[in-house]
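J.: coordinates only, sequence not included:
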């Protein structure tokens, strides 16, 4: 961490050492910011401890993705086994996302209040227990309830994982690599979910799909319990309060809105159905009340206003909402298009998603280096173009298409999009916010994902229903064209954000301290000059 100068006398060295131990440590000219960004965080006493933490962190997002993607594959067999009525078949699939998306902001704020260790591990225990319970479900009502409780676990581990990585790793190459692996593991989890769902459906039982996932969760939970730094005392010392009034309006508001978006396509009269209109209007009212409380009433809001004062933050959240929504649309309709329109088996469909896993692994090894060398603006534009290519290839896909000409490049493009945008935005948002807001950062990122998926799936369902008279193939293509149009809008916005490169730098807390110290020093100097002037 020292500079090349080694000729200073002992007194100078002692002075600089004392300065580094104080609040001005990061101002020392001998501090090598680049080396700090590459070094192992001091909370890890060994490389093994860091590897254990990283394994737990990446498995949190992998297992969340596993229980979303693979469920679509086992749903047909499961629906028959539990005699789920046609009108309720979407509920076991969507209730996890509904609950997770609705509780993310509140649980993310709780992570800032009580620390990542407590909330993250509680979430993993929840996900493990109710994954086992899902496998033992005697009827579809129990399955729906257990899937909802799985969503609570996901709502804890997703912002918790981002929070812990954002707090532990300072800006630099090491953080970029960890977030690169973290983001690409989501794609691997999606693929493993589809693969295990397909294998369980053909060779085992739909119950095995949940039990296999629960077993992996047990292993991951053990790693998280022993490797994550304890930060409860540190979090409580900040004396952050919980905004319960905001939670009691925003959480039910999001629940009702996501429900309306999710169930509108299955209602007898669509958006004009009474239960859809009532829940949508009530949800919008509660959400509006929550926004008012957050902005003008709450002293410690769930999402403090300073979050959106960060340059490009509003545009970034809009693009995440749109592009993550199209990601959900792509995952849902590409799966159905391959199985229903192209007539492939669940296992073949899973194998066709294999490029996700392979290219995701490659990007996990190289994505952090790219992020360190290439300006974030260019990477965001590349991810936006890849998103358009992925949905466009399905929108223009002919009858009996060549896998290598259409499906394979679409899968590669989708992986390129998801890995790059997830890594770039995670690094940008967590680096731009202070440590006390890292839980909020993780919650915002994942809230954009879950609510965006629900909104754009509802939008795609409207397009599918409007074109149903044209046949199944044409109606599915209409959903992909919605994705092309909205992804193009997001690309235009991405082109306007010059977020720089993710190089080694001071943390947000250090920058704030430096500005405060510089301001005090400048003020003191002015006072001294004033006193000298008076003396003269």
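T.: All right, it came through fine. As the structure is a prediction and not an experimental result, all values here were calculated from the model.
J.: got the confidence number for residue 28?
T.: The predicted structure scores residue 28 at 47 on the pLDDT scale.
J.: for burial, what's the neighbour tally of residue 121?
T.: Other residues near residue 121 come to 18 when the count uses other CB atoms under 10 Å. For the C-beta atoms, the positions are set from N, CA and C on the backbone; glycine is no exception.
J.: dihedrals phi and psi, it?
T.: When read as degrees, to the nearest 10, the backbone of residue 121 gives phi -70, psi -40.
J.: that one and residue 157, how far apart?
T.: Noted for residue 121: a distance of 9 Å to residue 157, by CB to CB, to the nearest Å.
J.: what does residue 56 give?
T.: Between residue 56 and residue 157 the distance is 9 Å, computed by CB to CB.
J.: so those two - more neighbours on which side?
T.: residue 157 (34 against 25).
J.: how about that one, what does it touch?
T.: 60, 61, 63, 64, 120, 123, 124, 127 (CB atoms under 8 Å, 6 or more residues apart in numbering).
J.: out of those, who's the most crowded?
T.: Neighbour counts for the contacts of residue 157 were taken using other CB under 10 Å; the highest belongs to residue 60, with 31 neighbours.
J.: list the contacts for that one?
T.: Neighbours of residue 60 in contact, by CB under 8 Å, 6+ apart: 120, 123, 124, 157, 158, 160, 161, 220, 224.
J.: what's the answer for residue 317, then?
T.: Residues counted as contacts of residue 317 (CB under 8 Å, 6+ apart) are 308, 444, 448.
J.: ok, which stretches of the stretch 101-250 of the chain are helices?
T.: According to DSSP state H, counting those that start in this stretch, the stretch 101-250 of the chain carries its helices in the segments 116-135, 140-168, 173-203, 206-227, 232-237, 244-263.
J.: in TSV, list these along with mean pLDDT and distance to residue 345.
T.: What follows is these, written out as TSV (pLDDT from 0 to 100; distance: least, CB to CB, whole Å):
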stretch	mean pLDDT	distance to residue 345
helix 116-135	90	23
helix 140-168	86	24
helix 173-203	79	7
helix 206-227	89	16
helix 232-237	77	49
helix 244-263	82	27
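J.: which stretch among the ones you listed comes nearest residue 491?
T.: The stretch from those with the least distance to residue 491 (CB to CB) is helix 173-203; that distance is 19.3 Å.
J.: so residue 311, which of the three states?
T.: Assigned state for residue 311: coil (three-state reduction, DSSP: H, G, I helix; E, B strand; the rest coil).
J.: what pLDDT does it get?
T.: 84.
J.: next one: the one 3 residues further on
T.: pLDDT for residue 314: 87.
J.: show the contacting residues for it.
T.: residue 308.
J.: tell me how far the residue nearest to residue 319 when sequence neighbours are not counted lies from residue 323.
T.: Nearest non-adjacent residue to residue 319, counting by CB to CB, 6 or more residues apart in numbering: residue 490, 4.8 Å away. Applying CB to CB, the value for residue 490 to residue 323 is 5 Å.
J.: so which of the two has more stuff around it?
T.: The residue with more neighbours, out of residue 490 and residue 323 and counting by other CB under 10 Å, is residue 323; that gives 30 against 25.
J.: now that one. Its backbone dihedrals?
T.: Main-chain dihedrals, residue 323, degrees, to the nearest 10: phi -70, psi -40.
J.: settle this for me: it is touching residue 487, isn't it.
T.: Yes - contact status for residue 323 versus residue 487: in contact at 6.7 Å, counting by CB atoms under 8 Å.
J.: shared neighbours, those two?
T.: The overlap between the contact sets of residue 323 and residue 487 (CB under 8 Å, 6+ apart) consists of 384, 387.
J.: check contacts around the residue nearest to residue 319.
T.: Applying CB under 8 Å, 6+ apart, the residues near residue 490 are 318, 319, 322, 323, 326, 384, 387.
J.: re the thing from before, of the helices of the stretch 101-250 of the chain, which approaches residue 357 most closely?
T.: Ranking the helices of the stretch 101-250 of the chain by proximity to residue 357 (CB to CB) places helix 173-203 first, at 4.2 Å.
J.: elements contacting the closest one?
T.: Packed against helix 173-203 by the contact rule (3 or more CB pairs under 8 Å, 6 or more residues apart in numbering; DSSP states H and E) you find helix 33-38, helix 47-81, helix 140-168, helix 206-227, helix 346-352, helix 354-373, helix 408-432.
J.: who touches both of residue 490 and residue 323?
T.: Between them, residue 490 and residue 323 share these contacting residues under CB under 8 Å, 6+ apart: 384, 387.
J.: listing request: residues of the stretch 401-536 of the chain with sub-threshold pLDDT.
T.: Applying pLDDT under 70 to the predicted model, the residue ranges of the stretch 401-536 of the chain that meet it are 435, 501-536.
J.: mind putting the helices of the stretch 101-250 of the chain in a markdown table, distance to residue 313 included?
T.: Shown next, in a markdown table, are those (distance: least, CB to CB, whole Å):
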| stretch | distance to residue 313 |
| --- | --- |
| helix 116-135 | 22 |
| helix 140-168 | 15 |
| helix 173-203 | 18 |
| helix 206-227 | 29 |
| helix 232-237 | 23 |
| helix 244-263 | 19 |
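J.: which of the ones you listed sits closest to residue 106?
T.: helix 244-263 (4.4 Å).
J.: quick one: the next helix or strand after the closest one to helix 244-263, angle?
T.: If you walk from helix 244-263 toward the C-terminus, the next helix or strand you reach (DSSP states H and E) is helix 274-292. Using axes from the mean of the first three to the mean of the last three CA atoms, to 10 degrees, the direction of helix 274-292 lies 150 degrees away from that of helix 244-263.
J.: and the closest residue to residue 357 other than its chain neighbours, how many neighbours?
T.: Closest residue to residue 357 apart from its sequence neighbours, by CB to CB, 6+ apart: residue 191 at 4.2 Å. Each residue near residue 191 was counted by other CB under 10 Å, and the total is 26.
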